[in-house]
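J.: Got a sequence here, can you model it:
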Amino acid sequence: MNHNTPEHFHLQAQEALGDKELRQNFRGAMDYLRGKRRDAFPDAAEEKAVRDRAEAIRQRCLSKLPELLDKLETQLTRNGIHVHWALNADEANAIFSEIAEKHQATLMVKGKSMVSEEIGLNHHMEKQGVRCLESDMGEYIVQLDGDTPSHIIMPAIHKNKQQVSDTFEHNLNDFKPTTDVDTLIQTGRNALREAYQEAKIGVSGVNFAVAETGTLCLVENEGNGRMCTTIPSVHIAITGIEKVVEFLSDVPPLYSALTRSATGQHITTYFNMISSPRKEGELDGPEEVHLILLDNGRTQAYHDEELRKTLQCIRCGACMNHCPVYTRIGGHAYGTVYPGPIGKIISPHLMGIDSTKELITASSLCGACEEVCPVRIPIPSLLQRLRQESKNKPEANHDALKGQNAASNTLEKAAMKGFAYAATHPSLYHTGLDAARKMNGLIPNHLCNWTQCRVKPKLAKTSLKTKLAQRNGGQK
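T.: Residues are numbered from 1 along each chain as shown. Okay, the predicted model is just below:
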């Protein structure tokens, strides 16, 4: 069971590094996903074109975000979909509770939604006497364990076949232990099948919300999303305000960039487009559709032109799959809903820098995340910006982040000011170097021993020039 928090990142990372089975699970999974993405983009010129177009679409849509949100609400309302606005997690959960109470619901069946994880929907509804059952297979597995997702695309990627079998054995009646993947998947499907019929409310996330047509687009591979949004009598979708796009024609380029970057697929098994509740004469579909548009810190990021690039994310997870930190410690070590590189830059807006200051320094700034991001989010430069915000008070030209200046250190600032002064005064700088050389003997013994025990590499008796001459038949 995972109860990690971002404040204890370093300890959690150390524990993850010591878990050989966890590291083996991630090593195999990350190698597989990186290979799939590489094969999905065999032509470098095409990859560049796909990323260029996806980036341009996201930047254009974000530049018009307030206008597009108004248009989206108008179109959705015209289509018969109820639109709700939530400033934070508490408001979003209150909306869910109100709808559940209205329909006397005791069971919600959920498709995959990271935003519902962000607001802690399952825990909140449980307190209201409403069970939220995950229907995505990975989410279902971690829910049975009382666990949380470790990846935004593949929630149970930290588990191997044996661990999944153990989970089913401990939680499902009449299950016979097996490591056959097809049998495990079928077992989960059978356990979930009746829930779609029993649940009065189905919950989903949203990949793209189209302002032009008032359409909610949902990308998936398992079919559970389609079941959640068509069988129950009420469908509630929840998404961050940044997921809106301007035109329906914006969706295919983003869809191609998303699926190829996430799982190496050119197209997913299911692509759902929801524009209204069930109409007269139709045989399936919900009688009511609701959309909850969540802010929860996103507006703060939007108002800063540089930090706004964080909102370009289309949740593919490619940055995680290529990050040398994430691939070694997994998602739980971060203690946040969104782990890895994207989590490091979005979590400070959602949770505040005071609780996430350890995460923004947990990066080598190698740039692998930016190199594979399908919408070209400059994650390394955004991390550097957030590091500055964590140690300095807000400037007049932008709003303060929650918890800004939380990592400020008086001693560190004094030391840096002293160094800056010495570095700009040559005489003082050289005097300091001379003093440091004279005090070399005061260095602790274990450090002196380290410098003295290093052995110079032995030089080859035969020079490289002579070897080359011998290889060429004696010719110099």
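
J.: from here on, contacts and neighbour counts on C-alpha atoms
T.: Fine.

J.: in the stretch 151-300 of the chain, which spans are strands?
T.: Remark: strands assigned in the stretch 151-300 of the chain by DSSP state E, counting those that start in this stretch are 201-204, 208-210, 215-220, 234-240, 244-245, 270-274, 288-294.

J.: quick one: low-confidence ranges for the stretch 151-300 of the chain?
T.: Within the stretch 151-300 of the chain, not a single segment meets pLDDT under 70.

J.: Apply 90 and report the result again.
T.: Low-confidence segments of the stretch 151-300 of the chain, defined by pLDDT under 90: 173-174, 190-191, 193-195, 197, 283-284.

J.: residue ranges of the helices in it, please?
T.: Along the stretch 151-300 of the chain, counting by DSSP state H, counting those that start in this stretch, helices occupy 161-171, 181-198, 224-230, 251-262, 298-303.

J.: got the strands of the stretch 151-300 of the chain as CSV, with mean neighbour count columns?
T.: Conversion of the strands of the stretch 151-300 of the chain to CSV gives the following (neighbours: other C-alpha atoms under 10 Å):
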stretch, mean neighbour count
strand 201-204, 28
strand 208-210, 27
strand 215-220, 22
strand 234-240, 24
strand 244-245, 27
strand 270-274, 16
strand 288-294, 22
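
J.: out of the ones you listed, nearest to Phe26?
T.: Between Phe26 and those, the tightest spacing by C-alpha to C-alpha is seen for strand 215-220, at 22.3 Å.

J.: what's the closest one packed up against?
T.: Packing partners of strand 215-220 (3 or more C-alpha pairs under 8 Å, 6 or more residues apart in numbering; DSSP states H and E): strand 208-210, strand 270-274.

J.: Identify the residues contacting that strand?
T.: Applying C-alpha atoms under 8 Å, 6 or more residues apart in numbering, the contact partners of strand 215-220 are 76, 205-210, 225, 268-275.

J.: Just give me how far that strand sits from the chain centre.
T.: 19 Å (C-alpha atoms, centre = their mean, to the nearest Å).

J.: Partner strands of that strand and their direction?
T.: Strand 215-220 has its sheet partners listed here by DSSP bridges as strand 208-210 (antiparallel), strand 270-274 (antiparallel).

J.: got a list of what Asn2 touches?
T.: With C-alpha under 8 Å, 6+ apart as the criterion, the residues that contact Asn2 are Gly146, Asp147, Thr148, His332.

J.: before we move on, what about Glu73?
T.: Glu73 makes contacts with Val83, Ala211, Gly214, as judged by C-alpha under 8 Å, 6+ apart.

J.: wait, which of the residues you listed is closest to Lys48?
T.: Ala211 (26.9 Å).

J.: Can you point out the helix or strand that includes the closest residue to the closest one other than its chain neighbours?
T.: Counting by C-alpha to C-alpha, 6 or more residues apart in numbering, Leu72 is the residue found nearest to Ala211 once chain neighbours are left out, at 4.0 Å. Taking DSSP states H and E as the criterion, Leu72 maps to helix 65-78.

J.: any idea how far that helix is from the chain center?
T.: Going by C-alpha atoms, centre = their mean, the spacing between the C-alpha centre of helix 65-78 and its chain's C-alpha centre is 26 Å.

J.: what's the angle between that helix and strand 288-294?
T.: Put simply, helix 65-78 runs at 170 degrees to strand 288-294, going by axes from the mean of the first three to the mean of the last three C-alpha atoms, to 10 degrees.

J.: For helix 65-78, buried residues please.
T.: Within helix 65-78, the residues scored as buried using 16 or more other C-alpha atoms under 10 Å are Leu65, Leu68, Leu69, Lys71, Leu72, Glu73, Thr74, Gln75, Leu76.

J.: Contact partners for the first one?
T.: Each residue near Leu65 by C-alpha under 8 Å, 6+ apart is listed here: Glu242, Val244.

J.: same question, the fourth one
T.: With contact set as C-alpha under 8 Å, 6+ apart, Lys71 has these partners: Ala211, Glu212.

J.: So Met137 sits against Gly188, correct?
T.: Yes: taking contact to mean C-alpha atoms under 8 Å, the distance of 6.9 Å between Met137 and Gly188 places them in contact.

J.: ok, Ser249 - how many residues close by?
T.: Other residues near Ser249 number 11, with proximity taken as other C-alpha atoms under 10 Å.

J.: now do His123
T.: For His123, the tally of surrounding residues (other C-alpha under 10 Å) stands at 14.

J.: if we can go back for a sec, can you redo the contacts of Glu73 as a markdown table with distance to Arg37 and neighbour count?
T.: Formatted as a markdown table, the entries for these read as follows, by distance: C-alpha to C-alpha, whole Å; neighbours: other C-alpha atoms under 10 Å:
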| residue | distance to Arg37 | neighbour count |
| --- | --- | --- |
| Val83 | 36 | 18 |
| Ala211 | 30 | 24 |
| Gly214 | 31 | 26 |
